[in-house]
Every structure is written in C-alpha cells, then in structure tokens.
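A.B. asks: predicted model and sequence follow; I will ask about them next.
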Amino acid sequence: MKKLVSVIAPVFNEEAVIEEFLERLVQAVAPLADRYAFEFIMVDDGSRDTSLERMKGALRREIRLRIVELSRNYGQTAALQAGLDAARGDILVTLDADLQHFPEEIAALLAKLEEGYDMVCGWRYERAEGVIRRWPSRAANFLIRQISGLSVHDFGTTFRAYDAELIKDMRLFGEFHRYVPVLGAAAGGRIAEIPIRNIVRPAGKSSYGLGRSLGVFLDLLLLVFLSRYMDRPMRAFGKLGLGAFVLGISIFTFLVIYGTYFHIAMVREYSGWFITSVMLILTAVQIMLAGILAEVLMRVHFAQGDRRVYRVRREWNVEEPSRGTYAAVASSP
C-alpha cells in the first residue's frame, strides 16, 4: 500500500501566487505517484484578499485539495498546527505557499526521509533576502544551535518533511514552528538536513516578517525550559533557587563571622551586603515556591489533554476518504 503524504501550506494574502503554487505542487508530485498517495492541505490564516476564493475554485479541478479556513489571522505557527491536526498522512510535508519554497524539492525531502530519518529540514544555504533579514536569522540560528546542541543550519524555514508519528505528538504555539527540529530531537527523532533553493518572493510582501525577531530571541529562553525541563520544572527552578540561597547564605555567614571576629556592627557598617544576602535568601524561597506551582500547573496541563490555540471556521473537502481517494465536497458549517 502506498504511503499517504500530507502536504501542508499556511496561506495568508497570497492571491497573486496561490494558483501557480497549486499548479506547481501538483506537477511536482506527479512523478511520485507510483510510490505515494497525496493530499494537499491549505490553511487559510484569515486572509483578507481573494486567496480563500481562489483555493475554493481549485477544489473543482483538484480532488486531493483540502482547505482549512481559520476564523481569523492567528499567525504562522497556529496555521501550521491546524494543518498538522487536519492531516491524515503517514508522512507530513510543510512549506510556505508564497513560492519562496520550491514544491519541486518535495521529492528530495521524501527521498532523504526514506533513508531512515524521522525529520528532514530544508536549509536555505544561499539566502536571497537582504542583509536586514539575513543577519538576524543567522544570529538566531547560531543561538539555537548553541542552546540545543542540534547541528541544523536553518531553523527558520518551514520546508520540512516529517514522519507523522513524531510530529503528531507535538503542540505548537507562539512562534515555535522554528523550534520543531529541537522538539523532535528531544523526543528522540533522527534529524537530517538538505540544501534547498531560496528566492525573493515573486509577488506580494512577507506576511510573517522581521517584526517577529525580538520574540524569537525571547522564545529561546522558553525553548531551554521546554526542551530540558518541560516535565520536571522544579529541576529548573530548584537550580536557580538553590544558587540564590547558597550565595545569600554564604554572604550572610561571612558577615556574621567577620563581624564577630573583628567586633564590627555588620548591619550598620555593611548594610548593603547584609540586605543583599537577605534578599537573595528570600528570592530563593520565592523561586522554590514558583517551582512547586509550576509542577502543579504541568500536571494540570498534561491531565487536560488536547488544547488548541486556533478555531476553525470551516473545512472544505473533508469527507473521510479511502487511502489515495478524495471526494470534492464541502463540510457543513
């Protein structure tokens, strides 16, 4: 039986290129039809142009196309998560619909995945964007590599192929689409990377652009926590709290011994150091209490099960198919 490949693409105001993207996508997977069955999942992320209408028009000529219409613009990560949740495939491929990613390179991703990897990431080895976009990206990639220990060059691109068993257990939120390789490696996945082409957008402007760079760097702190301490937050808070306590009690003990030996009123003569030691000890107690609270919240989180950060308004062409066969119907709202 052929493996089903779900190709997932978030769409936000891509009316100028959406029809060409679909055409090239269909042509790109045609030579692979003897090995794989395909479904195409387009996630409309609250587009304000005619992107949704153009996709719905394509339903009549491409029965493998499915459309997930979100109720508003949630952002790239939520749109990707919606597509991953809707996918039925054994293999999942994600890419942008703005034609900066080449659908023709899906074959190379699948070939690498079939070598035994759980995730294959695209690497934009020759970035076509200007310096203003390239350098923040390089800095972010460098920091993520140092923190995660994962030797992936390009965490920013969404052009990746995944074994469904690995990716289906992940929950993405915020801007965490770029950290999927890190989360995959933390789950025991085997990660590979291949070079892909990158060009300047042929039309329109970036919907998910440089304005998110600050958030990316802030998310690095959260990445450290989630990749190492997600199921045991007390370990992280405990280390910080213990460090603050040891430093505070050391300063306090030194002041007591020094003052006793030299008969000095330490609180009056070295009030700054005394206050610092007390504050560090109090801070350590607060951090420990925060760690206990985090432990309780994590248990509540895991007990609640599935939580989604988006709402689907309507899905198009969602009749349950047999593998490789799709009916062009629209679900009721």
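C.D. replies: Noted; the coordinates are in hand.

A.B. asks: tell me how far Lys239 lies from Leu223.
C.D. replies: Separation of Lys239 from Leu223 (CB to CB, to the nearest Å): 17 Å. Glycine gets a C-beta too; all of them are placed from N, C-alpha and C.

A.B. asks: of those two, who's got more company?
C.D. replies: More crowded of Lys239 and Leu223, by other CB atoms under 10 Å: Leu223, with 22 against 13.

A.B. asks: show me the contacts for the nearest residue to that one once chain neighbours are set aside.
C.D. replies: Spatially, and ignoring its direct neighbours in sequence, Leu223 is nearest to Tyr179 (5.4 Å; CB to CB, 6 or more residues apart in numbering). Contacts for Tyr179 (CB atoms under 8 Å, 6 or more residues apart in numbering) come out as 144, 155, 219, 223, 227.

A.B. asks: redo that, cut-off 10 Å
C.D. replies: Tyr179 makes contact with 77, 144, 147-148, 150, 155, 170, 172, 186, 216, 219-220, 222-223, 226-227, according to CB atoms under 10 Å, 6 or more residues apart in numbering.

A.B. asks: that one belongs to a helix?
C.D. replies: Yes. Tyr179 sits within a helix when classified using DSSP: H, G, I helix; E, B strand; the rest coil.

A.B. asks: may I ask you to confirm that Ile67 belongs to a strand?
C.D. replies: Yes. Assessed by three-state DSSP, Ile67 belongs to a strand.

A.B. asks: against Glu15, how distant is it?
C.D. replies: For Ile67 relative to Glu15 (CB to CB), the value is 14 Å.

A.B. asks: comparing the two, which residue is more hemmed in?
C.D. replies: A count of neighbours by other CB under 10 Å puts Ile67 above the other of Ile67 and Glu15, at 22 against 18.

A.B. asks: hmm, back to that, nearest to Pro136, of the contacts of Tyr179?
C.D. replies: Val216 (7.9 Å; CB to CB).

A.B. asks: show me the helices in the chain, by range?
C.D. replies: 18-29, 51-58, 76-86, 106-113, 131-148, 164-167, 180-186, 213-229, 233-262, 266-269, 271-304 (DSSP state H).

A.B. asks: what's the nearest residue to Lys112 if we skip its chain neighbours?
C.D. replies: Val120 (4.5 Å).

A.B. asks: what bridges to the one you found?
C.D. replies: When bridges are called by DSSP bridges, Val120 pairs up with Ala161, Ala192.

A.B. asks: okay but it is in contact with Val180, surely?
C.D. replies: No. Applying CB atoms under 10 Å as the test, Val120 and Val180 come out as separate, 11.7 Å apart.

A.B. asks: shared neighbours of those two, anything?
C.D. replies: By CB under 10 Å, 6+ apart, Val120 and Val180 have these common neighbours: 160, 162, 191.

A.B. asks: tell me the one of these nearest Val246?
C.D. replies: Ile191 (37.4 Å).

A.B. asks: how far away is that closest one from Val152?
C.D. replies: 7 Å.

A.B. asks: who touches both of those two?
C.D. replies: Joint contacts of Ile191 and Val152 (CB under 10 Å, 6+ apart) are 119, 121, 181-182, 185.

A.B. asks: need those in a markdown table with pLDDT, neighbour count and distance to Ser71, can you?
C.D. replies: Shown next, in a markdown table, are the shared contacts of Ile191 and Val152 (pLDDT from 0 to 100; neighbours: other CB atoms under 10 Å; distance: CB to CB, whole Å):
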| residue | pLDDT | neighbour count | distance to Ser71 |
| --- | --- | --- | --- |
| Met119 | 97 | 26 | 30 |
| Cys121 | 95 | 26 | 30 |
| Pro181 | 91 | 23 | 29 |
| Val182 | 87 | 23 | 30 |
| Ala185 | 88 | 19 | 33 |
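
A.B. asks: among those residues, which one sits closest to Met288?
C.D. replies: Closest approach between the shared contacts of Ile191 and Val152 and Met288, by CB to CB: Val182, at 27.8 Å.

A.B. asks: I'd like the distance between the closest one and Asn141.
C.D. replies: 12 Å.

A.B. asks: so what's in contact with those two at the same time?
C.D. replies: Common contact partners of Val182 and Asn141 (CB under 10 Å, 6+ apart): 152, 155.

A.B. asks: my read is that Ala187 contacts Asp118, right?
C.D. replies: Yes. Ala187 lies in contact with Asp118 (CB under 10 Å); the separation is 8.6 Å.

A.B. asks: higher neighbour count, these two?
C.D. replies: More neighbours surround Asp118 than the other of Ala187 and Asp118, with 20 against 15 (other CB under 10 Å).

A.B. asks: so what's the more buried one up against?
C.D. replies: Here Asp118 is in contact with 161-167, 184-185, 187-192 (CB under 10 Å, 6+ apart).

A.B. asks: got it, and Ile147?
C.D. replies: 179, 182, 220-221, 223-224, 227-228.
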